[in-house]
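Colleague: Below is the structure, and that's it, no one-letter string:
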């Protein structure tokens, strides 16, 4: 039977990984691409790209333009870089309202200004009615890697602490509630935000941070599984420590999602030397995007490649790599 | 009435320019973006992006993967840079055959190898059935600007010579004949090719080349009009000198196109000091992608901002900026 692309291939979990390892890397693999970090490191430059297909286009807390800037800025920041320049490639469906495009471009401007990046090159394509879904935006970004910083799963060692910069699942909850017509309180909105400033602050406090990742598609579960596999270490996190808004937990209960698998667009996971964990936590909490940061667990020698969750009742369950397509077109 | 995106907004002609100047630049404009070159210049780096939506996905002489590499490589080369690194962002429609994806990825590999670039970072998104049209690919690229080279419309002066690196209109003719079921001889195929090698060779012969552009969407007509406007000079080209294959001229006659408005994917227009024109021509012709190069005209003091064509019967007609959407989804 002819194999076809499934929604799950775009979900950031196991199917995405299989597509990458079976179809893309055998042809295109090279020492830079094979690192599979959020951004490529080329000397002191970081380079990254993402396409944004989020639906709805406008949602509480942002829109596709804001996310197209923040997502790429954050990928650069997670590479230990100061984001500098973005490209923007827009694919528009014939009939898309120009007023909506203007709102999106304005959001791009605001997010770029906040993140301190310039859009320096771009491209617009138009496809016929029914050949796309309103608007897709690709951004690629260039950043300068901060001197002395070396973000790499290879430096992750047992005993290191795992931090998250705030509440988990807000972005997905905002998108899901918009799609399902759930009415959430005003404070539940996408966390979409540029984190480059906060990342710079914590790297000033501790340049030896081992890993930084933003838990977007596939959520905390996917990111921690990827790190555990790449570094060949175990990871143990504590359910009691993971910040989740009660309303977001409610959305998860109603719709049957695991909050650890939900996408975030303004959160960062940091794996840091144990001796600087408290100081990094403090620094995160001083930043508007890290007020609710927590130390959620640590790296272990046991169970290499596995992620364990100490549940509220004290048992440990394995957190698997998300398998299917939890929330299509989340970003 | 609500303004909507039209196919013409993506055609690279007047509507595209209006969208850019009315909607994008007022928000996002900065000293780098405002140059509106094929690639942004950032110090000695060139940075560019394009999204590829060509239909059919596979065509004689190439496919969307080959074009996604060549197009971006060429944009970097036209900035006077040696292309180095590409990103690739792929948007797939659910149900797209994985075997087709493999063929496309293989073409990406071959084109990247020929052009001497590495794909160093990427992203895959999947949208639902009917929410895209098979596959869209965005590539962004980074290149190193060759020392001493300064490609800029500001340096274009009256008296300079205009070269084209070969036959005009092949790519569009291949795409059009595939869509319209015209049977063309085997030698009529897309000219899709990476030009970075040839560009490096001519820049070695003459680093003072003023302008390089690849006449893709909107063709020779759009590129020359953009240069005439940006440099505030006149441009006069000679119809007798413009290389066009008879079969391509035939396709134009049958379908009612002006060959000067048709897209090319492996051609370059160069505006060069008159004293080095012959030597550059000779160098182009030694390269496999420049065998049929010609000097097609010159820059004039008269009629600043206008492009004139000396016709085969000796009259001069104005070559306007293409207005509408000549061939949608040509690249």
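Modeller: Looks like it arrived, so ask away. Treat the numbers as computed from the prediction; the structure is a model and nothing was measured.

Colleague: ranges for the strands of the stretch 51-200 of chain A?
Modeller: A:58-59, A:62-63, A:81-93, A:118-127, A:135-145, A:161-164 (DSSP state E, counting those that start in this stretch).

Colleague: would you list these in CSV and tack on mean neighbour count and mean pLDDT?
Modeller: For glycine as for every other residue, the C-beta is placed from the backbone atoms N, C-alpha and C. CSV is the format used below for the strands of the stretch 51-200 of chain A (neighbours: other Cβ atoms under 10 Å in any protein chain shown; pLDDT from 0 to 100):
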stretch, mean neighbour count, mean pLDDT
strand A:58-59, 18, 96
strand A:62-63, 24, 98
strand A:81-93, 26, 98
strand A:118-127, 25, 96
strand A:135-145, 27, 98
strand A:161-164, 24, 98
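
Colleague: and those strands as CSV, adding distance to chain B?
Modeller: CSV is the format used below for those (distance: least, Cβ to the nearest Cβ, whole Å):
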stretch, distance to chain B
strand A:58-59, 16
strand A:62-63, 14
strand A:81-93, 4
strand A:118-127, 3
strand A:135-145, 3
strand A:161-164, 23
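
Colleague: Indicate which one of those is closest to residue B:238.
Modeller: Residue B:238 lies closest, by Cβ to Cβ, to one member of the strands of the stretch 51-200 of chain A: strand A:118-127, at 31.7 Å.

Colleague: which other helices and strands contact that closest one?
Modeller: strand A:81-93, helix A:98-115, strand B:40-42, strand B:45-52, strand B:135-145 (3 or more Cβ pairs under 8 Å, 6 or more residues apart in numbering or on different chains; DSSP states H and E).

Colleague: Using JSON lines, lay out these together with distance to residue B:239.
Modeller: JSON lines is the format used below for the helices and strands packed on strand A:118-127 (distance: least, Cβ to Cβ, whole Å):
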{"stretch": "strand A:81-93", "distance to residue B:239": "35"}
{"stretch": "helix A:98-115", "distance to residue B:239": "38"}
{"stretch": "strand B:40-42", "distance to residue B:239": "34"}
{"stretch": "strand B:45-52", "distance to residue B:239": "30"}
{"stretch": "strand B:135-145", "distance to residue B:239": "34"}
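
Colleague: Just list the residues touching the closest residue to residue A:147 other than its chain neighbours, thanks.
Modeller: Nearest residue to residue A:147 in three dimensions, chain neighbours excluded: residue A:44, at 7.7 Å (Cβ to Cβ, 6 or more residues apart in numbering or on different chains). Residues near residue A:44 by Cβ atoms under 8 Å, 6 or more residues apart in numbering or on different chains: A:144, A:145, A:147.

Colleague: what's the burial count for residue A:315?
Modeller: For residue A:315, the tally of surrounding residues (other Cβ atoms under 10 Å in any protein chain shown) stands at 10.

Colleague: Equivalent analysis for residue A:152, please.
Modeller: 16.

Colleague: Is the residue most central in space within chain A within a helix or a strand, and which one?
Modeller: The centre of chain A sits closest to residue A:216, judged by Cα atoms, centre = their mean, with a distance of 2.9 Å. In the assignment (DSSP states H and E), residue A:216 maps to no helix and no strand.

Colleague: any idea of the pLDDT on it?
Modeller: pLDDT for residue A:216: 94.

Colleague: what does the stretch 101-250 of chain A have sitting close to chain B?
Modeller: Contacts of the stretch 101-250 of chain A with chain B, taken as Cβ under 8 Å from any Cβ of the partner chain, map to A:101-102, A:105-106, A:108-109, A:112, A:118-128, A:130-133, A:136, A:138, A:140, A:142.

Colleague: Now the lowest-mean-pLDDT helix or strand in chain A: buried residues?
Modeller: Lowest by mean pLDDT, DSSP states H and E among the helices and strands of chain A is helix A:14-19, with a mean of 88. For helix A:14-19, the buried set under the neighbour-count rule, 16 or more other Cβ atoms under 10 Å in any protein chain shown, comprises A:14, A:15, A:16, A:17, A:19.

Colleague: so how far is the first residue of stretch A:282-300 from its last?
Modeller: 23 Å (Cα to Cα, to the nearest Å).

Colleague: Kindly report the same for stretch A:128-144.
Modeller: End-to-end distance of stretch A:128-144 (Cα to Cα): 39 Å.

Colleague: cool, and stretch A:9-28?
Modeller: 18 Å.

Colleague: which element is residue A:327 on?
Modeller: Residue A:327 belongs to no helix or strand, assigned by DSSP H and E.

Colleague: neighbours around residue A:181, how many?
Modeller: 6.

Colleague: residue contacts, the residue nearest to the centre of chain A?
Modeller: By Cβ under 8 Å, 6+ apart, the residues touching residue A:216 are A:12, A:71, A:263, A:264, A:265, A:330, A:331.

Colleague: try it again with 10 Å
Modeller: With contact set as Cβ atoms under 10 Å, 6 or more residues apart in numbering or on different chains, residue A:216 has these partners: A:12, A:38, A:50, A:67, A:71, A:74-75, A:171-172, A:222-223, A:262-267, A:330-331.

Colleague: out of those residues, which are buried?
Modeller: So, by 16+ other Cβ under 10 Å, the buried ones in these are A:12, A:38, A:50, A:67, A:71, A:74-75, A:171-172, A:222-223, A:262-267, A:330-331.

Colleague: Out of the residues you listed, list just those in helices.
Modeller: Among those, the ones falling in helices (DSSP state H) are A:67, A:71, A:74, A:75, A:171, A:172, A:222, A:223.

Colleague: Using TSV, lay out those together with pLDDT.
Modeller: Converted to TSV, those look like this (pLDDT from 0 to 100):
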residue	pLDDT
A:67	98
A:71	98
A:74	98
A:75	97
A:171	97
A:172	95
A:222	94
A:223	96
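
Colleague: shaky segments in chain A?
Modeller: Applying pLDDT under 70 to chain A picks out residues A:325.

Colleague: Which single residue in the stretch 151-300 of chain A comes nearest to chain B?
Modeller: residue A:217 (8.9 Å; Cβ to the nearest Cβ).

Colleague: I'd assumed residue B:39 was in contact with residue A:122.
Modeller: No - Residue A:122 is beyond contact range of residue B:39, at 11.0 Å (criterion: Cβ atoms under 10 Å).

Colleague: mind listing what the closest residue to chain B within the stretch 201-331 of chain A touches?
Modeller: Of all residues in the stretch 201-331 of chain A, residue A:329 sits closest to chain B, at 6.2 Å by Cβ to the nearest Cβ. Residues counted as contacts of residue A:329 (Cβ under 10 Å, 6+ apart) are A:7, A:10-11, A:52-56, A:133, A:136, A:175, A:179, B:125-128, B:131.

Colleague: from those residues, which would you call buried?
Modeller: A:7, A:10-11, A:52-55, A:133, A:136, A:175, B:125-128, B:131.

Colleague: picking up where we left off before, which residues does the residue lying closest to the residue of the stretch 151-300 of chain A closest to chain B once chain neighbours are set aside contact?
Modeller: Nearest residue to residue A:217, sequence neighbours excluded (Cβ to Cβ, 6+ apart): residue A:12, at 2.9 Å. Neighbouring residues of residue A:12 by Cβ under 10 Å, 6+ apart: A:215-219, A:221-223, A:226, A:261, A:263, A:321-322, A:325-326, A:330-331, B:124-125.

Colleague: Equivalent analysis for residue A:71, please.
Modeller: A:38, A:48-52, A:54, A:111, A:137, A:139, A:141, A:192, A:194, A:214, A:216, A:265-266, A:331, B:123.
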